[in-house]
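Asker: Below are the sequence and a predicted model for it; my questions follow.
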Amino acid sequence: MADFGYDVSDHLGVDPLFGSLGDLDALIDEAHGVGLRVVLDWVPNHTSDRHPWFVEARSSRASAKRDWYIWADGPPDRPPNNWKAAFTGVGGTAFPPAWTWDERTEQWYLHLFLAEQPDLNWDNPEVVEAMLATLRFWLDRGADGFRVDVVHALAKPPGLGDLPPELAEIPIAALLDEPAVHPLIERIRETVKAVPAPERVLIGETVLPSVDQIAAYYGSPGRPELDLAFNFHPLRTRWDASAWRRRIDEVLTAVAPRGWPAWVLSNHDNPRHRSRYGSLARARAAAVLLLALPGTPFLYAGEELGLSDAEVPSGRRVDPGGRDGCRAPIPWDGGPLHGWAAEPWLPWPPEAAAAHAAAQEADQGSTLNLYRRLIALRRGSPSLLSGRFEWLGSSREVLAWARGEDRVAAVNFGAGEGWVELPPGCWETAVSTTRPAGPAPTPTSAGGRLALGADEGILLRRVD
Ligand code: TEU
């Protein structure tokens, strides 16, 4: 693997490193048995250069699959346009051209990511049909939906012209936003929604410069597109109350009228938020933020343990995008291999010895149990799931909001005490990141000011 699964050489198989199709069937069955749904990551923008389609396409200019990929003429010493690919390579610093010269057939091919990941040509109806068929294969096997990799980039601009110089150093994968992508997403949606109940979900990765651009990927009421569009602008927002307030307002204004916002603090492509925000206390407060906002929260495996990124010495780095730190293995227990069958290729996260999953399971105050309580509270509260959002008055470094009539969330981004102005009524603590677990009466029983400790996140419920 050149990009850890994002360089697909067989859309209908499982890499032997991870098991077999039979293992996946068993996993889907077991998950369904305990009420979990399984969403697969589908990578339609590019394939591996080892995919039989590309092997055939590059064998000759006359190949029947030639037009399944995107080719351009030479000269061999000057790429066809100024687009940059997304990865610098292990240890590299500059983004290389998004084109690679194919010696044998003497043309360039386009790749938004690695040279080992040639872009498919979605202008070609055969490509569209072949890729939709791969979706049907997994739907038939019981997949509950898809997370579609870089879905905004499927359509390329006619003519493949240069970017203006001021944008030319930004990888093209983070900019493409062609009108022609929307009908493609409608085809994808049609395929995913065509199967009998239960309804399958369509989530898309939309890495775009503005939240307004991302919002367009929900489509319109008559022509819906994605159910959920990933928005990484909040992920890039620093731990600061006013920056987050602006961000939340922006998302609720741009996205909420069109669809259901998707919230992400960490994923496999970015440093974990525990590392970005600098402390476990902040990461715990961020869990309250994530789980009390209107929309769908996405958790990245390990954030529920409060994990930081692993320190990865240069000799052990393997990811061409420099993303190894957040991909360190989950420490399941306190044994030498932390519950794994063999030594993993990446180092452990720094919390592995003391804060592995087994230790946190047993500790009521652990981050794992904080997430569990927050998730249970969300599930049990129509207000948290879909209640109206309204900002509440608070001190400068606190953000506080009501959800519906009977839930309030408050997060103190500051290192000192802060306060929130509670609406009239009698409120109790449902969960706090710093106060003892379990319900505890707040100092107020008729609205008024509630004091928050440094870095505290708190969820309150109305009890009168
Ligand atoms: O990522 C797409 C993407 O544009 C970024 O988040 C990317 O990681 C960044 O530009 C690199 O610096 C998706 C997947 O999430 C990522 O893991 C894959 O490597 C990538 O697509 C290619 O399939």
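Answerer: Yes, it's here.

Asker: Please read off the pLDDT at residue 463 from the model.
Answerer: The model reports residue 463 with a pLDDT of 89.

Asker: Below-threshold pLDDT in the stretch 151-300 of the chain: ranges please.
Answerer: For the stretch 151-300 of the chain, no stretch is flagged by pLDDT under 70.

Asker: Check which helix or strand the residue of it found nearest the ligand maps to.
Answerer: Residue nearest to the ligand within the stretch 151-300 of the chain (C-beta to the nearest ligand atom): residue 269, separated by 3.6 Å. From N, CA and C alone the C-beta is placed, and that goes for glycine too. Remark: residue 269 resides in no helix or strand, with elements defined by DSSP states H and E.

Asker: now the one 5 residues further on
Answerer: With elements delineated by DSSP H and E, residue 274 resides in helix 273-277, which encompasses its position.

Asker: And the contacts of that helix?
Answerer: 235, 239, 265-266, 270, 280, 282-283, 286, 303, 306-309, 325-326 (C-beta atoms under 8 Å, 6 or more residues apart in numbering).

Asker: likewise stretch 259-267?
Answerer: 203, 215, 218, 226-232, 234-235, 251-252, 255, 272-274, 286, 290, 293-300, 303, 326.

Asker: now the helices for the stretch 251-400 of the chain?
Answerer: 273-277, 280-292, 357-361, 367-379, 382-386 (DSSP state H, counting those that start in this stretch).

Asker: got TSV for those, with distance to the ligand too?
Answerer: Listed next are those as TSV, based on distance: least, C-beta to the nearest ligand atom, whole Å:
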stretch	distance to the ligand
helix 273-277	15
helix 280-292	19
helix 357-361	24
helix 367-379	23
helix 382-386	27
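
Asker: would CSV of those with mean neighbour count be doable?
Answerer: Shown next, in CSV, are these (neighbours: other C-beta atoms under 10 Å):
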stretch, mean neighbour count
helix 273-277, 22
helix 280-292, 23
helix 357-361, 17
helix 367-379, 18
helix 382-386, 16
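
Asker: Could you dump those helices into TSV with distance to residue 146 added?
Answerer: Converted to TSV, the helices of the stretch 251-400 of the chain look like this (distance: least, C-beta to C-beta, whole Å):
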stretch	distance to residue 146
helix 273-277	25
helix 280-292	23
helix 357-361	28
helix 367-379	23
helix 382-386	23
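
Asker: Quick one: closest of those helices to residue 142.
Answerer: helix 367-379 (23.4 Å; C-beta to C-beta).

Asker: which helices and strands sit right next to the closest one?
Answerer: helix 280-292, helix 357-361, helix 382-386, strand 427-432 (3 or more C-beta pairs under 8 Å, 6 or more residues apart in numbering; DSSP states H and E).

Asker: In CSV: these, plus distance to residue 12.
Answerer: Listed next are the helices and strands packed on helix 367-379 as CSV, based on distance: least, C-beta to C-beta, whole Å:
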stretch, distance to residue 12
helix 280-292, 35
helix 357-361, 33
helix 382-386, 36
strand 427-432, 44
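
Asker: Which one of those lies nearest to residue 411?
Answerer: helix 280-292 (5.0 Å).

Asker: Now do the same contact list for residue 83.
Answerer: Here residue 83 is in contact with 97, 98, 99, 110, 112, 162, 163, 168, 172 (C-beta under 8 Å, 6+ apart).

Asker: Mind pulling the model confidence for it?
Answerer: 98.

Asker: same thing with the one 10 residues further on?
Answerer: For residue 93, the pLDDT comes out at 86.

Asker: I'd assumed it was in a strand, is it?
Answerer: No - with DSSP: H, G, I helix; E, B strand; the rest coil as the criterion, residue 93 is assigned coil and is not in a strand.

Asker: residues contacting it?
Answerer: Contacts of residue 93 (C-beta under 8 Å, 6+ apart): none.

Asker: now the one 3 residues further on
Answerer: Applying C-beta under 8 Å, 6+ apart, one finds that residue 96 lies in contact with 84, 85, 87, 88, 89.

Asker: what does residue 327 give?
Answerer: Taking C-beta under 8 Å, 6+ apart as the test, what residue 327 contacts is 4, 268, 319, 346.

Asker: Which of these sits closest to residue 409?
Answerer: Using C-beta to C-beta, those come closest to residue 409 at residue 268, 27.1 Å.

Asker: So what's the residue count around that closest one?
Answerer: Residues contacting residue 268 under the criterion other C-beta atoms under 10 Å number 17.

Asker: Once you drop chain neighbours, what's closest to it?
Answerer: Among residues not flanking residue 268 along the chain, residue 327 sits closest, at 5.8 Å (C-beta to C-beta, 6 or more residues apart in numbering).

Asker: what pLDDT does the one you found get?
Answerer: Listed pLDDT for residue 327 reads 98.

Asker: Next: the one 5 residues further on.
Answerer: Listed pLDDT for residue 332 reads 98.

Asker: That one touches residue 339, doesn't it?
Answerer: Yes - assessed by C-beta atoms under 8 Å, residue 332 is found in contact with residue 339 at 2.9 Å.

Asker: any shared contact partners between those two?
Answerer: In contact with both residue 332 and residue 339: 356, 357, 358, using C-beta under 8 Å, 6+ apart.

Asker: these two touch, right, the last one and residue 338?
Answerer: In other words, residue 358. No - counting by C-beta under 8 Å, residue 358 does not reach residue 338; the two are 9.2 Å apart.

Asker: For residue 258, what are phi and psi?
Answerer: Phi and psi for residue 258, reported as degrees, to the nearest 10, are phi -100, psi -30.

Asker: tell me the contacts of it?
Answerer: 215, 216, 218, 219, 220.

Asker: again, but for residue 235
Answerer: 264, 265, 266, 267, 270, 273.

Asker: Check for me that residue 23 belongs to a helix.
Answerer: Yes - checked against three-state DSSP, residue 23 lies within a helix.

Asker: And the closest residue to it other than its chain neighbours, how close does it get to residue 28?
Answerer: Spatial nearest neighbour of residue 23, excluding adjacent residues (C-beta to C-beta, 6+ apart): residue 14 at 6.9 Å. To residue 28, residue 14 is 12 Å away according to C-beta to C-beta, to the nearest Å.

Asker: Please apply the same query to residue 277.
Answerer: Counting by C-beta to C-beta, the gap from residue 277 to residue 28 is 35 Å.

Asker: And residue 316, by the same measure?
Answerer: For residue 316, the distance to residue 28 - C-beta to C-beta - is 33 Å.

Asker: Residue 462 now?
Answerer: 40 Å.

Asker: what sits opposite residue 460 in the beta ladder?
Answerer: Here residue 460 sits in beta bridges with residue 408, residue 429, as judged by DSSP bridges.

Asker: wait, doesn't residue 41 sit right on residue 150?
Answerer: No - using C-beta under 8 Å as the test, residue 41 is too far from residue 150 to be in contact (11.1 Å).

Asker: who's more crowded, the two?
Answerer: Using other C-beta under 10 Å, the more surrounded residue of residue 41 and residue 150 is residue 150, with 22 against 14.

Asker: Closest one to residue 178 out of the shared contacts of residue 332 and residue 339, please.
Answerer: residue 357 (43.4 Å).
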